[in-house]
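*Asks:* Quick one, structure for this:
(chains A and B)
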Amino acid sequence: MTDAQAEPVGEYLLEALDIVKRFGDFTANDRVTLRLPPGEIHALLGENGAGKSTLVKIVYGALQPTGGQLRWGGETVEIPNPAAARRLGIGMVFQHFSLFDALTVAENIALALPGRFDLVSLAERIARVSAEYGLPLEPTALVADLSVGERQRIEIVRCLIQEPRLLIMDEPTAVLTPQEADQLFVTLRRLAGEGCAVLYISHRLEEVKQLCHHATILRHGEVVANVDPQAETAASLARLMVGADVHAVNAETHAPAGPPMLAAVSLSLPADGPFGVALRDVSLEVRAGEVVAIAGVAGNGQSELFEALSGERPAPVPEAIAVAGEPCGTRDVTARRRLGAAFVPEERLGHSAVPGFVLSDNVLLTRHASGGGLVRVGVVDRPGIRAVAERVTQRFDVRTSRADPPAQALSGGNLQKFVVGRELDREPAVLVINQPTWGVDAGAAALIRQVLLDMAESGAAVLIISQDLDEIFEIADRIAVISRGELSAAHPAGEIDRERIGLLMAGAHESAAHGDGAGCEAANPRRGGSGRGAGDGEAAA
Amino acid sequence: MTALEAVLLTIITASTPLLLAAIGELVVERSGVLNLGVEGMMVMGAVCGFAGAHITGSAAVGVVAGLGAGVAMSLVFGFLTQTLVTNQVATGLALTLFGLGLSGLIGESFTGLPGVKLTAIHIPGLSDLPFVGPVLFGHDVLVYASIAITVLVAWVLTRTRIGLVIRATGGNHHSAHALGYNVVAVRYACIAFGGACAGLAGAYLALAYTPQWIENMTAGRGWIALALVVFATWAPFRVAVGAYLFGTVWIMGLYVQGIGIGIPAQLLAALPYLVTIAALVLISGNRVLTKMNTPACIGQPFVPDR
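*Replies:* Take a look at the predicted model:
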C-alpha cells in the first residue's frame, strides 16, 4: 500500500486506512484499506463473514472502528453516527431494507432527513427525484403493500434526495428480477457519471464484472486483492474470495423421470393476514428422479406455497395435494412425512431448528413420529438420536466446535447442512426445500446443491424454491415461476432463458412472456419491471 | 344539581383515571415496550399524591408528587428492561407487585386521615351556565389535562417527527437503529411519559375521586387501562371512547343496583368489561388498520450492536 504517496492527497473521495474492528476476541476487519475516487463504482467482494458489512457500517457511522482512520476528501473525519455520515454526503441502501412496513413511503423517507418535518413538500421532492431518475414512487403508499423492487426504490430515492457523494449498496440485486437489476445498473452508471462514488457489495461476480471499475476482495477480515474486475473471470474472482477452487457441481443427466411423487392440483389458499399472499389455482407435479425449481422474487407466495405443501397450513380439500399418489391436502406434517416426504423451510433458526436445543434434540423434531424407532412407547431413544446427529454431522461435513452443540452455535451454512442432512438421512421419496442456500457461503452451497442432485439421481423427487437463478439453472430439470401467488407452468430448463423467467417473475402473462419477449423487455425497464405491473393487470381484468 | 348532572359528573370522574393511565401506556407500547406495571405506578402515584397533599395542605403539591412517583417507578422499569435488558413481562409484573407493597408501607400512617380535595376550576361565565356549566366546565385540572393529553398524543403521533420516530421505533427497532436513531433513549422517554400519566391517574384517585388513602385503592384500574390500549388497537381516540364507555357502564351499574332492580350484582359488575370489549372489538373491525397500528416490536428486547 505505497501508492498513497504516489497519488496526490485529496484525489480520493473516501479513504479508509488500516481499519481494525474487533468484537471481543473476533477480528472482523484487520487493517483494511480502501480508497475510492469520485465517480468510481467500486466492488467489495468476499464470502459471508469476510467483513464486508462491518466495513461499510463503519463508513456509514453505524459502527465505530477499533483502530485506523477515515478520510473524506483528504481530511481525517470521525463518523460517530449515521446522521453524521449523511451530513457528509454518504448514503446507504441496506441489504435487509431499513424500512418500516406500517409507515408510508414519505414517512419512511422523512425518517432519514434532517431539517423541518413537512410531509407535503417532501412528497413534491420525492416526485421530482423519482421522475428525474426514472424511479417511480407513490409517496402516500404503505410500504407493506409494495413489492421488493419498489421497496428498494424507496431506499435509493431516500439516498438520492440528499444528493449523496458516496452511495453504499449492500447486495442490492439479491432480491431483484433480472430486469429490475438492469434498471438499477442504469441508475448507478448515471450516478457515477455525475461524479457520485458507489461502493457496491455483491456475491454475484458476473454483475460485478459488468458494472464495477475496481474491486477490493476481503477474506477473513483482510484485504487479499485489489483487482480490475473486467480483467478477471468469475472463476478467478471466486478463487480470490474463497482462497481455493470452488468445486463445480456435477450435474450430469440423471435417470429419466419416474411417476409423480408430489402433486398440487388447483390449490388455492386465502392470504394469511393483511401482509400475506393468496395462492391462486396452483398446479404442479414433481416426478421421481427430477429436480423442479420454483423461481420468484421474495414475497410472491413462496412461503405460503411451502406451508401448503408441508401441511403447516392445510388445503381446503384433500385432493389439492398428493404425496406418492395419496391425497393428503388436509393432513398434517407428520402424516405427510409418513408418506415419505421431507421438508426444509427457509428460516433455519426457529423454523427448521430450535436455537437453544442441541443437534440431537433437533433431530427428534422431524423424526419423532416418522419411523426409524427413535421414540418407543413414548420414550426417546437418546443413544439413537445422538447416533443420527453424529452420522449427519460426519456425512455432511457439519463443522462444530464440540460434540452435539446447540443449533444456535452453528454458522448459517453449517446449520443448513445439518437440517438438510437430517432430512436426507431418512432417505425420503420427496424433498421440498425453500431457499436451500440462502446466506450460505460458496463451499457449503456447492455441497448442498450436489447433495440435492445426488438425491434426485437416486430416485427421489426434489422441489426447490429459490430466488437464485444461477442455482436454479445449475441443478433444476424443470423451472416454474411464482408471481403474486400464481405459478406458471414448469418448463424444461433447456427451453427457458433468464429474460423470460424475469418477465414471468415480474408478473407478465405466460403468453406475452412467451411470444413477445423482446418487445416486453424493451418496454418494461421504464416501469422498473416490478410486481406493480401485475397489480395493474389484475385491476384491469 | 339534577340527578342527571350528578350521574354525568360521576361518569367523568370514574373515566378520567382510566384515560390518563391508558393514554400513557399507549405511548409506551407504540414505542415497542410492554409495561405491565401500570397498576404499580398508579398506586404509587396515589399514595405519594395523597401524602404530598396531606403534608403540605396543597393539592397542587399532591399532583406533582403523584406524577413524580409514577416517573420514578417507570424509570426503575426502564433501567431494568432497557439498560439491563430484562424480560419486560416479568419486570412489569414485578413492578406492579412492588408498587402495591411499597404503597401499603408508605401509606400505613396515612390511612384514615383526611385528604385534600382537588378543587374544580371555576371559569367565569361558562361554569355558571345551567346544565352545561357543571357538566362541561365544572371540573378539576386533571380532567381537562386527561383530554388535552389525549388530543396532544394523537397529534404528536400522527403529525410530528417525534411521533414518527416513536412509531418507527415500535415498528422495527433494527431499522430505526440502522438509520441512526437511539432506540433505547426513545424508549426511556416514552416509558417516563407513561409513568407520568400513570402517576397522575393515581393522584387523581387519591385527590379527586376519593380524597383519602386506602390500601390497594387502584383496585385493578391499571389492568383495565392496559386492556383498553390493546382493545382500542393503539389508537388514542379509541382509547378515550373505551375509557368513557367503561366508566359509563360501570356507574350506570351502580345506579341500577342502588335503585334495586333485580339484576344479580355480579352480572352488573361484569357488565362494563363485557360492553367495553364488545364495543372496541366492533369499532376495531378494520384488520388492515389494526395491523398498521400494532407495534410489531412490542415486548421484544433490543440490544444495539457496537
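
*Asks:* Flag every buried residue along stretch A:59-70.
*Replies:* A:59-63, A:65, A:68, A:70 (16 or more other C-beta atoms under 10 Å in any protein chain shown). Glycine gets a C-beta too; all of them are placed from N, C-alpha and C.

*Asks:* cool, and stretch A:143-152?
*Replies:* Across stretch A:143-152, burial judged by 16+ other C-beta under 10 Å covers A:143-144, A:146-152.

*Asks:* Tell me which residue of chain A is furthest from the middle?
*Replies:* Within chain A, residue A:377 marks the point farthest from the mean C-alpha position, 42.6 Å out by C-alpha atoms, centre = their mean.

*Asks:* just the buried residues of stretch A:143-152 now: which is nearest chain B?
*Replies:* residue A:144 (7.8 Å; C-beta to the nearest C-beta).

*Asks:* SS state for that closest one?
*Replies:* Secondary structure, DSSP: H, G, I helix; E, B strand; the rest coil: residue A:144 is helix.

*Asks:* My guess is it contacts residue A:100. True?
*Replies:* No: under the criterion of C-beta atoms under 8 Å, residue A:144 makes no contact with residue A:100, lying 9.1 Å away.

*Asks:* Let me know the helix or strand that residue B:254 is in.
*Replies:* Using DSSP states H and E, residue B:254 sits in helix B:236-259.

*Asks:* should've said residue A:388
*Replies:* Using DSSP H and E, residue A:388 falls within helix A:382-395.

*Asks:* That helix: how far from the chain's middle?
*Replies:* Relative to its chain's centre, helix A:382-395 lies at 30 Å (C-alpha atoms, centre = their mean, to the nearest Å).

*Asks:* For the helix or strand following that helix, buried residues please.
*Replies:* Downstream of helix A:382-395, the first helix or strand assigned by DSSP H and E is helix A:412-424. Within helix A:412-424, the residues scored as buried using 16+ other C-beta under 10 Å are A:412-424.

*Asks:* Likewise for stretch A:193-205?
*Replies:* By 16+ other C-beta under 10 Å, the buried positions in stretch A:193-205 come out as A:196-205.

*Asks:* and it with chain B, contact?
*Replies:* No: for a cut-off given as C-beta under 8 Å from any C-beta of the partner chain, stretch A:193-205 has no contacts with chain B; the smallest distance is 15.0 Å.

*Asks:* Low-confidence ranges, the chain, go.
*Replies:* Assuming you mean chain A. Applying pLDDT under 70 to chain A picks out residues A:1-10, A:48, A:95-97, A:244-256, A:273-275, A:371, A:439, A:508-541.

*Asks:* Actually, chain B is the one I wanted.
*Replies:* Applying pLDDT under 70 to chain B flags the ranges B:1, B:288, B:305-306.

*Asks:* Nearest to chain A: which residue in it?
*Replies:* Here the residue of chain B nearest chain A is residue B:180; by C-beta to the nearest C-beta that distance is 3.3 Å.

*Asks:* list the contacts for the nearest residue to that residue once chain neighbours are set aside?
*Replies:* Computed as C-beta to C-beta, 6 or more residues apart in numbering or on different chains, the closest residue to residue B:180 that is not its neighbour in sequence is residue A:82, at 3.3 Å. With contact taken as C-beta atoms under 8 Å, 6 or more residues apart in numbering or on different chains, residue A:82 is in contact with A:60-62, A:92, B:178-180.

*Asks:* can you check residue B:213 too?
*Replies:* Taking C-beta under 8 Å, 6+ apart, we find residue B:213 in contact with B:46-47, B:50-51, B:107, B:110-111, B:113, B:115, B:206.

*Asks:* I'd guess it is in a helix, am I close?
*Replies:* No: Residue B:213 is assigned coil when assessed by three-state DSSP, not a helix.

*Asks:* which ones among the buried residues of stretch A:59-70 come in contact with chain B?
*Replies:* Residues of the buried residues of stretch A:59-70 in contact with chain B (C-beta under 8 Å from any C-beta): A:61-63.

*Asks:* Show me where the stretch 201-306 of chain B has its helices.
*Replies:* Along the stretch 201-306 of chain B, the segments classed as helices by DSSP state H, counting those that start in this stretch run B:221-231, B:236-259, B:265-283, B:287-293.

*Asks:* Give me whichever of the ones you listed is most buried.
*Replies:* Compared across the helices of the stretch 201-306 of chain B, helix B:221-231 shows the largest average neighbour count, a mean of 23 (mean count of other C-beta atoms under 10 Å in any protein chain shown).

*Asks:* ok, residues contacting that helix?
*Replies:* Contacting residues not belonging to helix B:221-231 are listed as B:17-18, B:21-22, B:25-26, B:29, B:36-43, B:96, B:198, B:201, B:205, B:239, B:242-243, B:246, B:273, B:276-277, B:280-281, B:284 [C-beta under 8 Å, 6+ apart].

*Asks:* Same list as before, the buried residues of stretch A:193-205 that is, but in TSV and with secondary structure and distance to residue B:75 included.
*Replies:* Formatted as TSV, the buried residues of stretch A:193-205 follow (DSSP: H, G, I helix; E, B strand; the rest coil; distance: C-beta to C-beta, whole Å):
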residue	secondary structure	distance to residue B:75
A:196	coil	45
A:197	strand	45
A:198	strand	45
A:199	strand	42
A:200	strand	45
A:201	strand	41
A:202	coil	46
A:203	coil	46
A:204	coil	49
A:205	helix	53
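
*Asks:* okay if I get those residues as a markdown table plus distance to residue A:160?
*Replies:* Listed next are these as a markdown table, based on distance: C-beta to C-beta, whole Å:
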| residue | distance to residue A:160 |
| --- | --- |
| A:196 | 9 |
| A:197 | 14 |
| A:198 | 12 |
| A:199 | 15 |
| A:200 | 16 |
| A:201 | 19 |
| A:202 | 20 |
| A:203 | 25 |
| A:204 | 23 |
| A:205 | 27 |
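
*Asks:* of all those, which comes closest to chain B?
*Replies:* Nearest to chain B among the buried residues of stretch A:193-205 is residue A:201, at 15.0 Å by C-beta to the nearest C-beta.

*Asks:* so the closest one makes contact with residue A:171?
*Replies:* Yes: between residue A:201 and residue A:171 a contact is recorded at 5.6 Å, counting by C-beta under 8 Å.

*Asks:* The helix holding residue B:254 near chain A at all?
*Replies:* No: using C-beta under 8 Å from any C-beta, we find that helix B:236-259 stays clear of chain A, coming within 16.0 Å at best.

*Asks:* and that helix, what does it pack onto?
*Replies:* Judged by 3 or more C-beta pairs under 8 Å, 6 or more residues apart in numbering or on different chains; DSSP states H and E, the packing partners of helix B:236-259 are helix B:3-30, helix B:141-159, helix B:221-231, helix B:265-283.
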